[in-house]
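Quick check, what structure comes out for this input:
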Amino acid sequence: MKRRVDYMIPILASVAIVAIVAVMAAGCRLQQGEKPQVVVSIAPQRYLLEKIAGNKVDVLCLLEEQSNPENYEPKTSDMMKLERAQAYFTIGNIGYESAIVGKVRNNNPQLCIFDTSAGIKLLRGQDADDGEYDPHVWTSVKNAKVIAHNMLLGLVKLYPKHKRYFVKNYDALSTSLDTLDRHIALQLAPVKGCTFIDWHPSLSYFARDYGLHQLALDNGKEPSARDLARRIDLARKSGARVIFVQRQFDSRAASAVNKQIGCTAVEINPMSGDWAGEMSRIASALAATAR
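Below is the predicted model of the structure:
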């Protein structure tokens, strides 16, 4: 009898493994009427992708609007989103993405990964010795058009039967982005060439698009006291009239520094899911300095 039990152990183990795999496969398989799921990294991406995907796809987001992408660490629930998803649309240059992509591929080898920033000309930091690329590509309406087109290509590859639907939605989105771009350019024409202060350097691409100069106080890193003093001196001499502060960073430090500069402080959230509304708010705050 003992030999029979020993003989049965590997068979039972194999059956158990097959059962587990079957359960996992059933969990990943779409139920009748259930929409496929795709994942994006940040809420502005979700804004754009939902405009194109419409009611054909559920778009899940890893980062909440109030999260700081520079210290974000994916939770188990975030990894589960990626394991169940059919595609991951990355923003392309945020550090945590490269840290998790390997794990994601191991856990979900079938997952399609699309870099939505492909084709965008990246900017470097404002300091001459800073070799890092600026990851905030989504804070540009022109870049948003590139991101949206990459999303369209990804969706058509995933779900070719909905191509006409996606293209129609993309065309409508592209038209609205062109309108927004023209409106912002008209708003900011009177302040072209002016400088604005940003506690965190999130608006480099926005500044490039409309001929403005961004002076970041922390430049994406915690500045030394000496470096911060130098930046404050530059800010005073720049003639800037507005300083942008973000919810994801230390607004108390920004307020303390601004007492030495004397700009109008405006709170912004480049991570907002209301992407178009946030771009308009930023433009309006800058345009107001011309009055």
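
Low-confidence bits of the stretch 51-200 of the chain, can you list those?
For the stretch 51-200 of the chain, the stretches with pLDDT under 70 are 66, 126-131.

mind running it again at 80?
Applying pLDDT under 80 to the stretch 51-200 of the chain flags residues 65-74, 98, 125-131.

in it, which spans are helices?
76-84, 95-107, 141-158, 163-188 (DSSP state H, counting those that start in this stretch).

how about CSV for these, with distance to Ala235 and mean neighbour count added?
The way it works is simple: take the backbone N, C-alpha and C, and place the C-beta from them, glycine included. Putting the helices of the stretch 51-200 of the chain into CSV (distance: least, C-beta to C-beta, whole Å; neighbours: other C-beta atoms under 10 Å) gives the following:
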stretch, distance to Ala235, mean neighbour count
helix 76-84, 37, 15
helix 95-107, 27, 14
helix 141-158, 26, 20
helix 163-188, 20, 16
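
for these, which one sits closest to Leu60?
Counting by C-beta to C-beta, Leu60 lies closest to helix 76-84 out of the helices of the stretch 51-200 of the chain; the figure is 5.0 Å.

okay, the angle between that closest one and helix 95-107?
Counting by axes from the mean of the first three to the mean of the last three C-alpha atoms, to 10 degrees, helix 76-84 lies at 50 degrees to helix 95-107.

could you say what helices and strands helix 76-84 packs with?
Here helix 76-84 touches helix 2-28, strand 37-40, helix 95-107, going by 3 or more C-beta pairs under 8 Å, 6 or more residues apart in numbering; DSSP states H and E.

one step back: tell me which of the helices of the stretch 51-200 of the chain lies nearest to Leu123.
The closest of the helices of the stretch 51-200 of the chain to Leu123 is helix 141-158. By C-beta to C-beta, the value is 10.3 Å.

For that closest one, which outside residues touch it?
The set of residues that contact helix 141-158 without belonging to it, under C-beta atoms under 8 Å, 6 or more residues apart in numbering, is 36, 38, 44-45, 48-49, 51-53, 57, 86-87, 89, 91, 112, 114-120, 137-138, 162-163, 166-167, 170, 173-174, 177-178, 180-181, 184, 205, 209, 275, 279.

got the CA coordinates for it in CSV?
Taking Å, rounded to 0.1, in the frame of the first residue of the first chain, the C-alpha atoms of helix 141-158 are listed here in CSV:
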residue,chain,number,x,y,z
VAL,A,141,-0.7,69.6,-25.9
LYS,A,142,1.5,68.8,-28.9
ASN,A,143,3.0,65.8,-27.1
ALA,A,144,-0.5,64.7,-26.1
LYS,A,145,-1.3,64.4,-29.8
VAL,A,146,1.7,62.0,-30.2
ILE,A,147,0.7,60.1,-27.1
ALA,A,148,-2.9,59.8,-28.4
HIS,A,149,-1.7,58.5,-31.8
ASN,A,150,0.4,55.9,-30.1
MET,A,151,-2.6,54.8,-28.1
LEU,A,152,-4.7,54.6,-31.3
LEU,A,153,-2.1,52.3,-32.9
GLY,A,154,-2.0,50.1,-29.7
LEU,A,155,-5.8,49.8,-29.5
VAL,A,156,-6.1,48.9,-33.2
LYS,A,157,-3.5,46.2,-32.8
LEU,A,158,-5.3,44.8,-29.8
